[in-house]
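A.B. asks: Below: sequence and its predicted model.
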Amino acid sequence: MKPERKKNPVAVTKPVAARTMDDAEPAFGEGGIPIWIFVALGVLIYFSLVYLDRSAGGFNSLVYEPFESYDAVKKSQPATGNPLIAQGREVYGRTCTACHQPTGMGTPGQFPPLAGSDWVNAAGPDRVIRIVLNGLQGPLKVNGTDFNNAMVAWKDILKDDEIAAVVSFVRQEWGNKAPAVTPAQVKGVRDATKDRPDAWTGDELVKVPEGGEAK
């Protein structure tokens, strides 16, 4: 009698077709998040940023508490017949706020305030014009407080009317009440100091008449 042959156990496997269908990596858009949702989300984020920038003042350096938008800041400012002030506000916003802040209060221990500054409110603008033209370096005393830093020169970047505008703006903003500055005054100082390559120091500037002869 022949011995009975044992049957080998047969592993239960999925059909090839079924395994391929079940184990395949899901393709983008097949059972996942529809691509239009990502597009809609991107559009929503874009217009939200535009709103913050243009309407809510979210990225405007001239918007400060308690105001929530640039329009509110403008409405709070007294009306002026001098178009240089409006121009100066714009120039200040793109050149000065990083150091002196939108409020003109400066950075404690680093950059002096412009609001209430004895330099800014001087009877004449000749010293301040020199600072904007050639920059400033080294120690400087403002309102009795010592500062020691550097300011860049703007004479090769800003035109006479832009310098006149921004100097006029800071001399009449944040409670300052000094007279405005004209482009002709800036040109006069620029011409008188055209051969000077270096930044000014505080010791040099205190020897310059506030509104007198430029040396």
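C.D. replies: Ah, there it is.
A.B. asks: Just the buried residues of stretch 112-129, please?
C.D. replies: For stretch 112-129, the buried set under the neighbour-count rule, 16 or more other CB atoms under 10 Å, comprises 112-115, 117, 119-122, 124-129. Using the backbone N, CA and C atoms, a C-beta is placed for each residue, glycine as well.
A.B. asks: now, which of these sits nearest residue 139?
C.D. replies: Each of those was scored against residue 139 by CB to CB, and residue 112 proved nearest at 11.0 Å.
A.B. asks: so who does the residue lying closest to the closest one once chain neighbours are set aside touch?
C.D. replies: In this structure, residue 112 finds its nearest non-sequential neighbour in residue 142, 3.9 Å apart by CB to CB, 6 or more residues apart in numbering. By CB atoms under 8 Å, 6 or more residues apart in numbering, the contact list for residue 142 reads 112, 113, 117, 118, 119.
A.B. asks: Just say helix, strand or coil for the third one.
C.D. replies: This means residue 117. What DSSP: H, G, I helix; E, B strand; the rest coil gives for residue 117 is coil.
A.B. asks: cool, residue 170 as well?
C.D. replies: Applying three-state DSSP: residue 170 is helix.
A.B. asks: Count the neighbours of it for me.
C.D. replies: By other CB atoms under 10 Å, the residues close to residue 170 number 26.
A.B. asks: Surely it touches residue 92?
C.D. replies: Yes. If you go by CB atoms under 8 Å, residue 170 and residue 92 touch, sitting 6.7 Å apart.
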